[in-house]
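Undergrad: next input, structure requested:
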Amino acid sequence: MSDRAPYAEYPEHSRGRLVPEPISRTRNAFARDRDRIIHATAFRRLKEKTQVFVAHEGDHYRTRLTHSLEVAQIARSIAHALRLDTDLAETVALAHDLGHPPFGHSGEDELQAQMSDWGGFDHNVQTFRVVTKLEERYPGFDGLNLSWETVEGVVKHNGPVAHRLDEPAWKAIVDYTQGWDLRLDTFASLEAQAAAIADDIAYNNHDVDDGVQAGLFTLDDLSEVPLIGPVLHGVRKDWPGIDERMVRIEAVRRMIGVMVEDVLAETERRIEADEVRSTEDVRTARRPMIAFSPAMLADLGVLRKFLFERMYRHYRVNRTRSQARRILAEMFQLFMAEPETLPPEWSGRALAGDEARKARAVCDYIAGMTDRYAIEEHRKLFSLDLALDL
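TA: Numbering: from 1, shown residues only. Purely as a prediction, here's the structure:
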């Protein structure tokens with residue numbers, strides 16, 4: 001990109017990889033990172049990891065995989081408009097959910113509860129562990145050996161994390177950065193910030209879309225909600241004859257556009273006001289540069305409140321959440337008591353150290369499961385008729 005902004009990242013100026021490798025003839029450093037993420041086992045498993053609905057509940061609801069693809073495309077669009085490196089923005093976006101366990105935030109809450117005595121669980125740290133350790137695809141190193149800028153973006157896309165390093169779950173990052181300084185007290189690149197805000201844009205919009213499709217609320221219920229209400233009114237005014245399905249699709253499309261335009265305007269305002277002229281200015285800034293405007297944040301707060309009341313705490317979702325937590329809790333406790341019931345590659349890890357190491361191995365095994373695999377594994381472990389046909 002010949003007209004790239006002075007505060008954009010350049011792959012040819014990357015700080016490199018922890019384990020040096022020859023330069024690729026066909027891809028720059030960030031594109032190579034993107035491809036490694038796409039080929040990772042953890043990325044493929046996102047196809048049956050839930051967002052709000054368990055992955056087997058319907059073919060049209062978002063999964064972690066479809067969500068990650070949507071985030072990546074929004075991140076690329078924002079990066080392109082701001083003259084940033086689109087490959088790096090896409091790469092961080094594709095990687096950001098690799099550490100999520102099955103059953104979404106319910107699964108994360110349960111693993112955090114089960115791991116409370118052994119270092120805890122945090123899906124952002126788990127993503128870091130996936131890309132730096134748990135993926136085993138290369139003979140010369142653990143993990144994916146991603147470039148410094150990508151690993152930094154994975155860890156810090158939501159902002160500086162130095163204040164979290166005393167949390168037990170973050171020990172893996174503390175240990176890692178003793179050998180490779182990720183500057184945990186600074187912001188990440190604008191490309192990583194683009195990925196973070198693209199995540200917000202994607203899930204706010206697809207939760208509206210999925211919630212209507214699931215029958216948890218209607219478009220009419222949204223008519224008085226800021227942001228989405230005016231957009232719905234505009235669609236119906238412009239296209240008075242279309243059906244409700246097309247109204248929903250067009251409204252979500254327009255709302256994504258409205259949110260992206262708001263981010264671009266606010267980001268350009270902040271860059272100018274804070275006199276950001278380099279990548280170092282980005283990292284040492286007093287605030288993130290890529291952000292929503294105050295007015296948009298207020299509207300999003302009302303929308304999130306609506307979704308929380310009408311979707312995230314709907315009794316149907318609550319029932320699934322309750323079932324999911326029981327499934328993971330029962331498996332975790334069984335594997336801790338009887339690690340020999342783990343598959344061989346995991347039982348070896350579980351039996352190779354103390355209780356904390358055993359718990360981490362059990363946690364890593366469960367966190368890597370898809371929704372469907374967790375349900376089937378639970379049935380095999382706790383239903384005798386299925387256990388006879390392993």
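Undergrad: quickly note the distance from the residue minimising distance to the centre of the chain to V317.
TA: In the chain, the residue lying closest to the centroid (Cα atoms, centre = their mean) is D97, at 2.8 Å. Distance, D97 to V317, using Cβ to Cβ, to the nearest Å: 19 Å. From N, CA and C alone the C-beta is placed, and that goes for glycine too.
Undergrad: where does the prediction get shaky in the stretch 251-390 of the chain?
TA: Scanning the stretch 251-390 of the chain with the threshold set as pLDDT under 70 gives 385-390.
Undergrad: one more pass at 80, please.
TA: 384-390 (pLDDT under 80).
Undergrad: can you give me the strands for it?
TA: In the stretch 251-390 of the chain, no segments count as strands under DSSP state E, counting those that start in this stretch.
Undergrad: show the average pLDDT along stretch 223-235.
TA: Per-residue pLDDT over stretch 223-235 has a mean of 95.
Undergrad: please apply the same query to stretch 196-209.
TA: Mean predicted confidence for stretch 196-209 is 94.
Undergrad: now it: how far from the chain's centre is it?
TA: Taking Cα atoms, centre = their mean, to the nearest Å, one finds stretch 196-209 lying 11 Å from the centre of the chain it belongs to.
Undergrad: ok, now stretch 323-342?
TA: 25 Å.
Undergrad: which residues touch it?
TA: The contact list for stretch 323-342 (Cβ atoms under 8 Å, 6 or more residues apart in numbering) reads 54, 101-104, 106-107, 109-111, 113-114, 347, 350-351, 358-359, 361-363, 365-366, 371, 374-375, 377-378, 381-382.
Undergrad: and with 7 Å instead?
TA: 103, 106-107, 109-111, 114, 347, 350-351, 358-359, 362, 365-366, 374-375, 377-378, 381-382 (Cβ atoms under 7 Å, 6 or more residues apart in numbering).
Undergrad: restricted to buried residues, select these in ChimeraX.
TA: Buried subset of those, written as a ChimeraX selection, criterion 16 or more other Cβ atoms under 10 Å:
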select :103,106,107,109,110,111,114,347,350,358,359,362,365,366,374,375,377,378,381
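Undergrad: in helices, which of the contacts of stretch 323-342 fall?
TA: 106-107, 109-111, 114, 347, 350, 358-359, 362, 365-366, 374-375, 377-378, 381-382 (DSSP state H).
Undergrad: circling back: mind checking what secondary structure the residue nearest to the centre of the chain has?
TA: coil (DSSP: H, G, I helix; E, B strand; the rest coil).
Undergrad: wait, doesn't it sit right on T66?
TA: No - taking contacts as Cβ atoms under 7 Å, D97 lies outside contact range of T66: 10.9 Å.
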